[in-house]
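# What would the 3D arrangement of this be:
(one chain, ligands or ions: 1)
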Amino acid sequence: MSDFKVSDILLSKGNARSIIDIDELSVEELDKIIKRACDIMENPKKYSKACEGKKLATLFYEPSTRTRLSFEAAMMELGGNVLGFSSASSASVSKGESVSDTAKVISCYADIIAMRHPYEGAPLVAAESASIPLINAGDGGHAHPTQTLADLLTIYREHGRLNNMVIGLCGDLKYGRTVHSLIKAMIRYEGVSFVLISPRELSLPAYIKTEVLEKNNVTFAETTSLEEAIPKLDILYMTRIQRERFDDLDEYERLKDSYVLTKSKLAAAKESMSVLHPLPRVNEISVDVDDDSRACYFKQALYGKFMRMSLILSLLEGSAGTIREKVTAQDKKKPKCRNPKCISQIEQELPQRFKIGTDACTRCAYCDNLIESN
Ligand code: NCD
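Now for the predicted structure:
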């Protein structure tokens, strides 16, 4: 009999550290990830075999250009291989498979997973079943930690610091998951304040205002006017209006052109201000801004690849991330999460799970949505 035990491989959670949102990384860990990304940029050869023999699975249930391809390029530049799918229709979910089963199966084929899903909390559910590390590559309108890594490196390279910044977040702050994760990261640095620029209908979710900004005594202001905010800003973070997340397309039509950054609006900004955008852009930054020295969004896409390389290394060596166990307990007393985009809405076998926020409100553990008591 050989020593090879299939059951051990299937059951072992081993080094299965995962990243679902950016606040799982401490400032020290973020620092290390940034430093290593800078080293990778300067000494690519040193890392070109770091993941030799390892495989990254990209499980993308929702469209993506930058995130998926930058993950794949990152793994290739580390000497590893990639496999995966780029739409839900080409995966077994179209036959009714749960994310949890998919995660168990992919754990047999790969060494690390990057997962994007239109339902909020899906990567968390997958991470609890996977026996290999898993990275949330964007879940619905909830979180997008690796875009935040790209944003942090961009700010750091452009300004030489992450503290003492006035950050303007402009556009769809309700559904823009990149904004949610960026706020959670930047509140940890001294002297950071925010100007939230959005139509009232697309303002930042209440849980981020109370649980993240107010709880941490972070200064923020809200306005509907980009022109009014722009002169004060060190960073202007533009976002697109997220058409695919609207239930009411008439509302999307009404709001879609709310903000367009043009060269003339940029004239009122500081010379040192940086314009960031997670991309894709629709029309919220006019192309005549692209050759302005303050436009950083294409560099930001490049920085994202180096940060993903650095994060993959940290997760594989087990120096960052959270080890998660599957939770099966069902809280029968609490009502169901009503967020139509929560993974618990489509996967009936999942237990309803809750957490109590510091505001004493009950929230869904998958999607952070407020749970009403009746
Ligand atoms: C963002 C995303 O997918 O959330 N894009 C990205 O990852 N680069 C932003 C967006 O789609 O608007």
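# near the ligand, which residues of the protein?
66, 67, 138, 144, 147, 177, 178, 239, 240, 242, 278, 279 (Cβ under 6 Å from any ligand atom). Glycine gets a C-beta too; all of them are placed from N, C-alpha and C.
# so of these, which ones are in helices?
66, 67, 147, 177, 178 (DSSP state H).
# just to revisit the earlier point, tell me the one of the residues of the chain next to the ligand nearest residue 364?
residue 177 (15.7 Å; Cβ to Cβ).
# before we move on, back to that, tell me which two of the ones in helices among the residues of the chain next to the ligand sit farthest apart.
Farthest apart among these - using Cβ to Cβ - are 66 and 177, which lie 13.9 Å from each other.
# Name the SS class of the residue lying closest to residue 314 once chain neighbours are set aside, please.
Closest residue to residue 314 apart from its sequence neighbours, by Cβ to Cβ, 6 or more residues apart in numbering: residue 320 at 4.0 Å. With DSSP: H, G, I helix; E, B strand; the rest coil as the basis, residue 320 sits in coil.
# Surely residue 320 touches residue 312?
No. Look at residue 320 against residue 312 with Cβ atoms under 8 Å: they stay out of range, at 10.4 Å.
# between these two, which one's more packed in?
Per other Cβ atoms under 10 Å, whichever of residue 320 and residue 312 has more neighbours is residue 312, with 25 against 21.
# Please, which helix or strand holds that one?
Following DSSP states H and E, one finds residue 312 within helix 297-317.
# in that helix, what counts as buried?
By 16 or more other Cβ atoms under 10 Å, the buried positions in helix 297-317 come out as 297, 299-301, 303-316.
# for the record, mean pLDDT for that helix?
Across helix 297-317, pLDDT averages out at 97.
# partner strands of whatever helix or strand comes next after that helix, parallel or antiparallel?
Using DSSP H and E, the helix or strand that follows helix 297-317 in sequence is strand 322-323. Strands adjacent to strand 322-323 in the sheet, as given by DSSP bridges, are strand 17-19 (antiparallel).
# Now the element after the strand it pairs with, going C-ward?
Counting by DSSP H and E, what follows strand 17-19 is helix 27-42.
# Would you confirm that residue 143 contacts residue 182?
No. With contacts counted by Cβ under 8 Å, residue 143 stays clear of residue 182, the gap being 10.2 Å.
# Which neighbours do the two have in common?
residue 22 (Cβ atoms under 8 Å, 6 or more residues apart in numbering).
# what about this protein, any weak spots by pLDDT?
Within the chain, the stretches with pLDDT under 70 are 1-15, 329-334, 358, 373-374.
# Now with 50, please.
Across the chain, the ranges flagged by pLDDT under 50 are 374.
# That one: strands as residue ranges?
17-19, 55-60, 81-85, 112-117, 134-139, 165-170, 192-197, 220-223, 235-238, 274-276, 322-323, 354-356, 362-364 (DSSP state E).
# Serialize those to CSV and add fields for mean neighbour count.
Formatted as CSV, the strands of the chain follow (neighbours: other Cβ atoms under 10 Å):
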stretch, mean neighbour count
strand 17-19, 25
strand 55-60, 24
strand 81-85, 17
strand 112-117, 28
strand 134-139, 28
strand 165-170, 23
strand 192-197, 23
strand 220-223, 16
strand 235-238, 26
strand 274-276, 25
strand 322-323, 14
strand 354-356, 13
strand 362-364, 20
